[in-house]
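Visitor: Here is a sequence with its predicted model. Questions after.
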Amino acid sequence: MFLHEITKLNEVIPNERQYPFHIPAIRQLDRLRLEKRVTFFVGENGSGKSTLLEAIAYQCGFHTGGGGRNNSYELDASESHLGQFIRLSWKPKVSNGFFLRAESFYQFASHIDELAKEDLRIYDYYGGKSLHHQSHGESFLSLFKNRFGRPGLYLLDEPEAALSPTRQLSFLSLIHELQKSAQLIIATHSPILLGYPDADIIHFDDQPLARIRYEDTDHYQITRRFLENRQMFLRELMAD
């Protein structure tokens, strides 16, 4: 474990009615303790999980559009509004790590191509070739396999966005290898990734934030009910 507590600095927030401080999960946040090497953030879209992940990245010095401490490139709306109002507690502090943001991964891949114009060896960290010359899923796995691995903090925002179910299963084995020397915080909607054993799942739809069992997540329950009663679900969804 490296990062063990996140504290929101409520006393210096200028206006709690403004975004993102009015989001219920963010508004109710005081302290969040991290107790496992793998922690999942779950919740509906807009629940604040990606917002908090981005704020952690900001405090770590990672590019909030995606990348590590040494990545610098222009990206609209990459500034974290919450980042300057949280404090991270470390044991011990690490500077290595990475922030994966699925929605801006294309811009990150273009940034790597620009760096490669000066030194082609940069591709060694991304599978030996441009991320743009790999499929979306291949580029994600190349990043995980080659850029990750050293002890550090890895923040992943919806990594399943580019991964088929089969590759999500492959990613589970990568998570298992990474967590031996690193800490991962993952915001996800994937019931497959959430099935990783002995991880903490933090539920952002409850206030204050609470840990939840895998079997109690909507992701598990809805997926299971749909697979077991597909025809019934479809009839209800498509009824005139």
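Guide: Noted; the coordinates are in hand.

Visitor: Which stretches in this structure count as strands?
Guide: Using DSSP state E, the strands of the chain run over 3-8, 31-33, 38-42, 86-90, 97-101, 153-157, 183-187, 200-203, 210-211.

Visitor: Could you point out which of those sits nearest H132?
Guide: Between H132 and the strands of the chain, the shortest separation by CB to CB is 16.3 Å, and it involves strand 97-101. For the C-beta atoms, the positions are set from N, CA and C on the backbone; glycine is no exception.

Visitor: ok, and what's touching the closest one?
Guide: The contact list for strand 97-101 (CB atoms under 8 Å, 6 or more residues apart in numbering) reads 53-54, 57, 60, 62-69, 108, 140, 143, 147-148, 152-157, 159, 182.

Visitor: Among the residues you listed, which are located in helices?
Guide: L53, E54, A57, C60, F108, F140 (DSSP state H).

Visitor: Closest one of the residues you listed to Q134?
Guide: The shortest distance between Q134 and any of the ones in helices among the contacts of strand 97-101, using CB to CB, involves F140 and amounts to 8.9 Å.

Visitor: which ones are touching the nearest residue to that closest one once chain neighbours are set aside?
Guide: Counting by CB to CB, 6 or more residues apart in numbering, A162 is the residue found nearest to F140 once chain neighbours are left out, at 4.6 Å. Applying CB under 8 Å, 6+ apart, one finds that A162 lies in contact with A102, F105, H136, G137, S139, F140.

Visitor: could you measure A162 against E236, distance?
Guide: Distance of A162 to E236, given as CB to CB, to the nearest Å: 31 Å.

Visitor: and what of S173?
Guide: In terms of CB to CB, S173 sits 37 Å off from E236.

Visitor: Could you do G65 as well?
Guide: When distance is defined by CB to CB, G65 is 40 Å away from E236.

Visitor: How about L131?
Guide: Counting by CB to CB, the gap from L131 to E236 is 41 Å.

Visitor: ditto for Q18
Guide: 39 Å.

Visitor: Which among the strands of the chain is found nearest to R121?
Guide: The closest of these to R121 is strand 97-101. By CB to CB, the value is 18.1 Å.

Visitor: Okay, angle between that closest one and strand 3-8 too, please.
Guide: On the basis of axes from the mean of the first three to the mean of the last three CA atoms, to 10 degrees, strand 97-101 is oriented at 60 degrees to strand 3-8.

Visitor: Now strand 97-101 - C-alpha only, PDB.
Guide: These are the backbone C-alpha positions of strand 97-101, laid out as PDB (Å, rounded to 0.1, in the frame of the first residue of the first chain):
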ATOM      1  CA  GLY A  97       2.400   5.800 -11.600                       C
ATOM      2  CA  PHE A  98       0.000   6.500 -14.400                       C
ATOM      3  CA  PHE A  99      -3.600   7.900 -14.900                       C
ATOM      4  CA  LEU A 100      -5.500   6.100 -17.700                       C
ATOM      5  CA  ARG A 101      -8.500   8.100 -18.900                       C
END
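
Visitor: how close does the closest residue to H132 other than its chain neighbours sit to A102?
Guide: Closest residue to H132 in three dimensions, ignoring its sequence neighbours and counting by CB to CB, 6+ apart: A109, at 5.3 Å. The span separating A109 from A102 equals 12 Å under the rule CB to CB.

Visitor: Thank you, goodbye.
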